[in-house]
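Undergrad: Here is a sequence together with a model predicted from it:
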Amino acid sequence: MMDPSFRKILICVVSMTVFVRVEAQQQSRYLEFHAGVAPLQIKDYFYSPYTYRGTGLRLQGMYGQERTKTQWQLEAGYTQTNPQSIVSRKASTRLVDLILNYHWRLSPARQPENRLQYFGGIGLRLLGNSTNYSPDSEVSTVQATAAVSLGASALVSYRFTPVHRLQIQAFASVVSAVYRPDYDYNDKEQIAATWFGKNPILAVQARYQYQFSRKYQATCRYQMSYFKYDQPRSVIWLRQSVSIGIQRSF
């Protein structure tokens, strides 16, 4: 006969091993790349009261991890376009962003078979915009803005079938730090903090996924981000993008 104490220890070890294996099966990592077009609107009162509009190229890369109760994503993006106003020649704009989202599962973790899953958490965004309003001129006309923002992030995921899934994600800033060169005022640089109610940074995206093999998924994404800052002069930009890409799971 097996000793009762040894039997309990053996059962505990086996249970923990099974639990660890199940947890490992319920987590996944992925790497994703996207390319697409990005309509962009900029109104920067440092340079002009007119709105500059243009459509350019957007490239994105994303790495993420999904667990039973949590998930996180790290994303980097680059946009290049040549916007133009109704009274000016074409400018040259470069926009970069770095995004980190961390979510906790709000839907029941013990019911992964549910098609609808929803998450809530925090997001950290770093944004940078540099526009040369006369790229063919020797006189410098570059206006720059940079911001880092901490805010709330939410994610809803709906799986139509085992291979079709739609995700909608939203972000709203709570507190941000904004950098602007103060060209027309005191000839100095400016760094200031701002809250959501005064100068919002907002973002929304919809992401459709089609799993065509065990490790690969085709993805299509729509994104919209809005930035506004008032001091010492207003700058507003609205960027949208539609892109396609591929995701590999590990």
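TA: Great, that's in hand. Numbering: from 1, shown residues only.

Undergrad: hey, let's count contacts and neighbours off CA atoms from now on
TA: Will do.

Undergrad: Which parts of this protein are strands?
TA: Along the chain, counting by DSSP state E, strands occupy 28-44, 52-66, 70-81, 92-105, 116-132, 142-161, 164-182, 188-195, 201-211, 216-229, 235-249.

Undergrad: is it possible to export those to JSON lines including mean neighbour count and mean pLDDT?
TA: Formatted as JSON lines, the strands of the chain follow (neighbours: other CA atoms under 10 Å; pLDDT from 0 to 100):
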{"stretch": "strand 28-44", "mean neighbour count": "19", "mean pLDDT": "95"}
{"stretch": "strand 52-66", "mean neighbour count": "19", "mean pLDDT": "96"}
{"stretch": "strand 70-81", "mean neighbour count": "19", "mean pLDDT": "96"}
{"stretch": "strand 92-105", "mean neighbour count": "19", "mean pLDDT": "96"}
{"stretch": "strand 116-132", "mean neighbour count": "19", "mean pLDDT": "94"}
{"stretch": "strand 142-161", "mean neighbour count": "18", "mean pLDDT": "93"}
{"stretch": "strand 164-182", "mean neighbour count": "19", "mean pLDDT": "91"}
{"stretch": "strand 188-195", "mean neighbour count": "13", "mean pLDDT": "72"}
{"stretch": "strand 201-211", "mean neighbour count": "19", "mean pLDDT": "95"}
{"stretch": "strand 216-229", "mean neighbour count": "18", "mean pLDDT": "95"}
{"stretch": "strand 235-249", "mean neighbour count": "18", "mean pLDDT": "95"}
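
Undergrad: distance of the residue nearest to Phe227 when sequence neighbours are not counted from Ile86?
TA: Distances taken as CA to CA, 6 or more residues apart in numbering put Ile201 closest to Phe227, at 4.8 Å, once the chain neighbours are dropped. For Ile201, the distance to Ile86 equals 27 Å [CA to CA, to the nearest Å].

Undergrad: mind checking how far Ser234 is from Thr55?
TA: Here the distance between Ser234 and Thr55 works out to 22 Å (CA to CA).

Undergrad: try Ser176
TA: Applying CA to CA, the value for Ser176 to Thr55 is 27 Å.

Undergrad: And for Val87?
TA: With distances defined as CA to CA, the gap from Val87 to Thr55 amounts to 18 Å.

Undergrad: Name the residues that touch stretch 160-169?
TA: 115, 153-159, 204-212 (CA atoms under 8 Å, 6 or more residues apart in numbering).

Undergrad: Could you do stretch 90-97 as well?
TA: Counting contacts by CA under 8 Å, 6+ apart, the residues outside stretch 90-97 that touch it are 76-84, 125-135.

Undergrad: Give me the contact list for stretch 118-127.
TA: Here stretch 118-127 makes contact (CA under 8 Å, 6+ apart) with 95-107, 146-157, 171.

Undergrad: Give me the nearest residue to the residue nearest the centre of the chain, chain neighbours excluded.
TA: Taking CA atoms, centre = their mean as the criterion, Ile99 is the residue nearest the geometric centre of the chain, at 4.7 Å. Distance criterion CA to CA, 6+ apart; nearest residue to Ile99, sequence neighbours excluded, is Arg125 at 4.6 Å.

Undergrad: Ser85 now?
TA: Across the structure, with CA to CA, 6+ apart as the measure, the residue nearest Ser85 apart from its sequence neighbours is Tyr52 (4.4 Å).

Undergrad: residue contacts, the closest residue to Pro83 other than its chain neighbours?
TA: If you skip the residues right next to it in sequence, Pro83 has Gly54 as its closest partner in space, 3.9 Å away by CA to CA, 6+ apart. Contacts of Gly54 were listed using CA under 8 Å, 6+ apart, and they are Pro39, Leu40, Gln41, Thr81, Asn82, Pro83, Gln84.
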